[in-house]
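Colleague: I would like to see how this sequence folds:
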Amino acid sequence: MSMEKRMLGNTGMEVSVLGFGGAEIGFEDASADNVERLLMAALDQGLNIIDTAECYLGSEELIGKAVSHRRDDFYLFTKAGHGKDPSIPAWTYEEVTASIEQSLKRLKVEYLDLVQLHSCGEDILRKGDVIRALQDAKAKGKTRFVGYSGDSTAAVYAIESGEFDTLQTSVNIADQEALELTLPKAMARGMGVIAKRPIANVAWRYKAKPDNSYHQEYWERLQELKYDFVNGDTEHAVEVALKFTLTVPGVHTAIVGTAKPGRWKTNANLLASGEISKSKFAKIRDRWDKTAKESWVGQN
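Modeller: The predicted model follows:
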């Protein structure tokens with residue numbers, strides 16, 4: 001199966017427009033066998049990005065066990081800034097440096113293609129220690145490129161600092177702040193842009209407000225946005241949402257997480273029918289412009 005590829009900014013990495021996100025396999029405690037089946041099949045079908053983080057519980061270990069022997073077949077991205085407890089930040093030079101070393105061990109590789117700071121605030125970025133930790137890791141060959149994963153004003157600072165090769169930020173039908181606030185700036189600097197949450201956590205599938213706080217904000221926004229395409233076939237809605245994200249100017253790849261073998265292929269197949277129409281894209285943008293509140297900022 002062929003999949004469209006795009007150059008990730010000025011990095012020289014030609015990436016599949018659909019990447020694999022490793023959060024679910026960690027937080028849902030996926031079995032090693034399922035992860036191996038999922039990733040091996042996805043690599044065979046055209047995937048060439050695996051994106052994870054040190055705080056996604058056992059995600060790095062599962063990925064390392066499943067596909068480290070196929071290191072030349074994909075680009076490997078991770079994130080630093082938290083320990084095993086995602087609620088406890090680790091924002092010193094020493095902690096970020098140690099996090100990168102641990103990620104290399106868990107992933108069973110000698111180098112990473114991209115290490116990203118994991119949604120730290122602008123105040124942390126301005127101190128410079130965590131940026132220096134990433135740059136030193138790059139200089140030592142621990143990672144080829146460095147990036148920032150986050151949103152809003154912190155992402156603006158990260159872009160304007162000129163210290164990062166890539167930006168990973170939320171872009172989807174329920175989260176469009178980046179389209180005006182950060183993506184034009186990232187494009188102007190030739191940065192690679194990685195869209196996270198590209199299908200808005202499929203939050204429209206809940207009949208009532210979900211218990212999972214990670215999904216609540218998008219669910220509430222979608223109640224007001226009232227897109228017509230989310231009220232029918234779920235697969236069609238996923239298709240429209242994913243194509244919208246990948247049509248946004250500046251976006252090079254979209255990271256979708258799953259713990260279900262076969263789901264990546266299903267998502268990839270949804271892209272096979274071509275791009276979203278210009279009128280459909282414009283309608284989604286117009287609905288956002290008329291409905292979005294000032295409080296609807298990018299979600300980390």
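Colleague: what kind of secondary structure is Thr245 in?
Modeller: helix (DSSP: H, G, I helix; E, B strand; the rest coil).
Colleague: What are the phi and psi values at the closest residue to it other than its chain neighbours?
Modeller: Spatially, and ignoring its direct neighbours in sequence, Thr245 is nearest to Pro198 (4.0 Å; C-beta to C-beta, 6 or more residues apart in numbering). C-beta: built from backbone N, CA, C; applies to glycine. Main-chain torsions, Pro198, degrees, to the nearest 10: phi -70, psi -20.
Colleague: OK, contacts around Pro198?
Modeller: With contact set as C-beta atoms under 8 Å, 6 or more residues apart in numbering, Pro198 has these partners: Val171, Asn172, Ala241, Leu242, Thr245, Leu246, Ala254, Ile255, Val256.
Colleague: Dump those residues into JSON lines; add neighbour count, secondary structure and distance to Arg70 as well.
Modeller: Formatted as JSON lines, the contacts of Pro198 follow (neighbours: other C-beta atoms under 10 Å; DSSP: H, G, I helix; E, B strand; the rest coil; distance: C-beta to C-beta, whole Å):
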{"residue": "Val171", "neighbour count": "28", "secondary structure": "coil", "distance to Arg70": "29"}
{"residue": "Asn172", "neighbour count": "24", "secondary structure": "strand", "distance to Arg70": "30"}
{"residue": "Ala241", "neighbour count": "25", "secondary structure": "helix", "distance to Arg70": "30"}
{"residue": "Leu242", "neighbour count": "25", "secondary structure": "helix", "distance to Arg70": "25"}
{"residue": "Thr245", "neighbour count": "26", "secondary structure": "helix", "distance to Arg70": "27"}
{"residue": "Leu246", "neighbour count": "21", "secondary structure": "helix", "distance to Arg70": "25"}
{"residue": "Ala254", "neighbour count": "28", "secondary structure": "strand", "distance to Arg70": "22"}
{"residue": "Ile255", "neighbour count": "22", "secondary structure": "strand", "distance to Arg70": "19"}
{"residue": "Val256", "neighbour count": "22", "secondary structure": "strand", "distance to Arg70": "20"}
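Colleague: which two from those residues end up farthest apart in space?
Modeller: Based on C-beta to C-beta, the longest span within the contacts of Pro198 runs between Ala241 and Ile255 and measures 13.8 Å.
Colleague: gap between Trp182 and Thr143?
Modeller: No Trp there; residue 182 is Thr. According to C-beta to C-beta, to the nearest Å, Thr182 stands 22 Å off from Thr143.
Colleague: Please read the previous query as pertaining to Gly46.
Modeller: 24 Å.
Colleague: Over to Lys283?
Modeller: In terms of C-beta to C-beta, Lys283 sits 40 Å off from Thr143.
Colleague: The two - which one has more neighbours?
Modeller: Thr143 (26 against 15; other C-beta atoms under 10 Å).
Colleague: if we can go back for a sec, out of the contacts of Pro198, which comes closest to Glu24?
Modeller: Val256 (9.4 Å).
Colleague: Confidence-wise, which helix or strand of the protein is lowest on average?
Modeller: helix 263-270 (a mean of 90; mean pLDDT, DSSP states H and E).
Colleague: so how far is that helix from its chain's centroid?
Modeller: Distance of helix 263-270 from its chain centroid, counting by C-alpha atoms, centre = their mean, to the nearest Å, is 17 Å.
Colleague: which outside residues touch that helix?
Modeller: 1, 3, 18, 20, 38, 41-42, 45-47, 235, 238-239, 242-243, 256, 258.
Colleague: Can you tell me which of those are buried?
Modeller: 18, 20, 38, 42, 45-47, 238-239, 242-243, 256, 258 (16 or more other C-beta atoms under 10 Å).
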